[in-house]
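Attaching a predicted model along with its sequence, questions to come.
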Amino acid sequence: MANEVYHNYTTGETLYFCVFKTTGNVFLSNGESDEEWGTGGRDADSYDMAMTEAGSGGYYTGDFDASIAVGVYRVCVYLQAGANPADSDLALAEGVMYWDGSAEINMATLDTTIEDDVIGAGGDTLEDLSGQMDVLSSQKSQVLNVYDDRK
């Protein structure tokens, strides 16, 4: 995949993004490892991932690094003020990326990846669970809900 990170902004600017783990660590620009921001004297120039403007319409895109493992990440887009990324650059937007190791997981991709056997016959599926509930009902077993009314 490509262009998983995108942002609309004034045309002709330089934007970049950084990827953070939910623990707060940030990935190095090559995406191969993460660390606490500023480790070893590093700054934004060590963590930036490039974005490019498509034409001159102010639509910027960047590639989420495929070396980043499956997981949930925070992505922050910055406006580069000087010649290089700097810690003082303005953060423009932040969002969450659900990453499967090669592409973003979103509602459209999730819908296509749910296999029929998750909701169909075989194994420990929802269909089996429904059948097990039917067996309990036919044996006059009870499933009780307990509510805490002591609020």
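Arrived safely.

give me the beta-bridge partners of the residue nearest the centre of the chain?
Note on the chain: the residue nearest the mean C-alpha position is residue 97, at 1.5 Å, using CA atoms, centre = their mean. Beta-bridge partners recorded for residue 97 (DSSP bridges): residue 73.

Now do it against residue 8, distance only.
Residue 97 sits 18 Å away from residue 8, going by CB to CB, to the nearest Å. Just so you know, the C-beta spots here come from the backbone N, C-alpha and C atoms, and that holds for glycine as well.

returning to what we had before: I'd like to know how far the residue nearest to the centre of the chain sits from residue 36.
Applying CB to CB to residue 97 and residue 36 gives a distance of 20 Å.

Tell me the confidence at the closest residue to residue 109 other than its chain neighbours?
Spatial nearest neighbour of residue 109, excluding adjacent residues (CB to CB, 6 or more residues apart in numbering): residue 103 at 6.7 Å. Looking at residue 103, its pLDDT is 88.

Please apply the same query to residue 148.
So residue 148 comes in at 56 (pLDDT).

Now do the contacts for residue 88.
residue 81 (CB atoms under 8 Å, 6 or more residues apart in numbering).

what does the one 4 residues further on give?
By CB under 8 Å, 6+ apart, the residues touching residue 92 are 7, 9, 15, 77-79.
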